[in-house]
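Asks: Output the structure for:
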Amino acid sequence: MGQKVNPIGMRVGIMKSWPSEWFAKTRRQGADFFVEDIQLRNFIEKSFPRAGISKVVIRKTAKEWEIILFATKIGALMGKNGEKMKSIEQKMKQKFWKDLKINVKEVRTPELSAKVMAEFIAIQIENRMPYRKVVKNTLAKIMEKGADWVKIQIGGRLNGADIARTENFIQGRVSLQTFRSDIDYHYMQAMTKYGVLGIKVWIQKGMQYSSVKKNLTKKINLV
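Replies: A predicted model of the protein is given here:
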């Protein structure tokens, strides 16, 4: 079960907050909101490819939308005097015909973000760095920042081999099925001259024993 289920999705509502926060009055409105969320996330990924965005939270009300970006490189996202972010806001308003605002918040420890670390590994591998060296350095960086355990999986034509294979790199004790484990997970692809490599990163940041359901609607679970 732990190998097949997204560890973030199985904890939503238990100890993880929803990445999209809105309430639909009808089924049709819920379907429209769901499609808009996918389009919004795809638009952000295309506008800021591998820009160190750790998490995107979408909040919708009757009057306006609020998009919260948790990022490691705030200056690169905002641009000079915030001009880049203003232009992105304008494009999104024209595309979705909604009043919206984008807030950017800083991720203080990017090493504990699975998405940021997966992007780092993908960029290094695409620059023809040895994948074993890249993964071991990444494991060391994550463990230094206080992670309980880390698992990194890379699959594909590693080092240009004729037959694709999968390799796992683990530090610490892996407990994917424990619901109180605070696990961050992300999957990313690296485009190499030999083909596509799949990269999966699991990071456990600790254990939560207290009830989290009461606080899910009050605050966003930061990365």
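Asks: And the helices in this protein?
Replies: 27-47, 74-78, 83-96, 114-126, 131-144 (DSSP state H).
Asks: Would you single out the least confident of those helices?
Replies: Here the lowest mean pLDDT among the helices of the chain goes to helix 74-78, at a mean of 78.
Asks: Show me what counts as buried in that helix.
Replies: 77-78 (16 or more other CB atoms under 10 Å). Every residue, glycine included, has its C-beta placed from N, CA and C.
Asks: Out of the helices of the chain, which gets nearest to V196?
Replies: helix 114-126 (10.5 Å; CB to CB).
Asks: circling back to that earlier point, so which of the helices of the chain is the most packed in?
Replies: helix 114-126 (a mean of 22; mean count of other CB atoms under 10 Å).
Asks: other SSEs contacting it?
Replies: When contacts are defined as 3 or more CB pairs under 8 Å, 6 or more residues apart in numbering; DSSP states H and E, helix 114-126 packs onto strand 53-60, helix 131-144, strand 181-192, strand 195-207.
Asks: picking that back up, export the helices of the chain to CSV and tack on distance to V5?
Replies: Listed next are the helices of the chain as CSV, based on distance: least, CB to CB, whole Å:
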stretch, distance to V5
helix 27-47, 20
helix 74-78, 32
helix 83-96, 31
helix 114-126, 15
helix 131-144, 22
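Asks: Of the ones you listed, which is nearest K151?
Replies: Nearest of these (CB to CB): helix 131-144, 9.2 Å.
Asks: Now do the same contact list for the residue nearest the centre of the chain.
Replies: Per CA atoms, centre = their mean, the C-alpha nearest to the average position across the chain is that of K115, at 4.2 Å. Residues in contact with K115 (CB atoms under 8 Å, 6 or more residues apart in numbering) are 53-55, 184, 186, 188, 201.
Asks: how does it look with 6 Å?
Replies: Neighbour list for K115: 54, 186 [criterion: CB atoms under 6 Å, 6 or more residues apart in numbering].
Asks: before we move on, the earlier item: so of the helices and strands packed on helix 114-126, which one's packed in deepest?
Replies: Taking mean count of other CB under 10 Å, strand 53-60 is the most buried of the helices and strands packed on helix 114-126, at a mean of 20.
Asks: Return the alpha-carbon coordinates of that one using PDB.
Replies: Provided in PDB are the C-alpha atoms of strand 53-60 (Å, rounded to 0.1, in the frame of the first residue of the first chain):
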ATOM      1  CA  ILE A  53       8.200  26.600  -5.900                       C
ATOM      2  CA  SER A  54       7.600  24.100  -3.100                       C
ATOM      3  CA  LYS A  55       3.800  24.300  -2.800                       C
ATOM      4  CA  VAL A  56       0.800  26.100  -4.400                       C
ATOM      5  CA  VAL A  57      -2.300  26.700  -2.300                       C
ATOM      6  CA  ILE A  58      -5.500  28.000  -4.000                       C
ATOM      7  CA  ARG A  59      -8.200  29.700  -2.100                       C
ATOM      8  CA  LYS A  60     -11.500  30.600  -3.800                       C
END
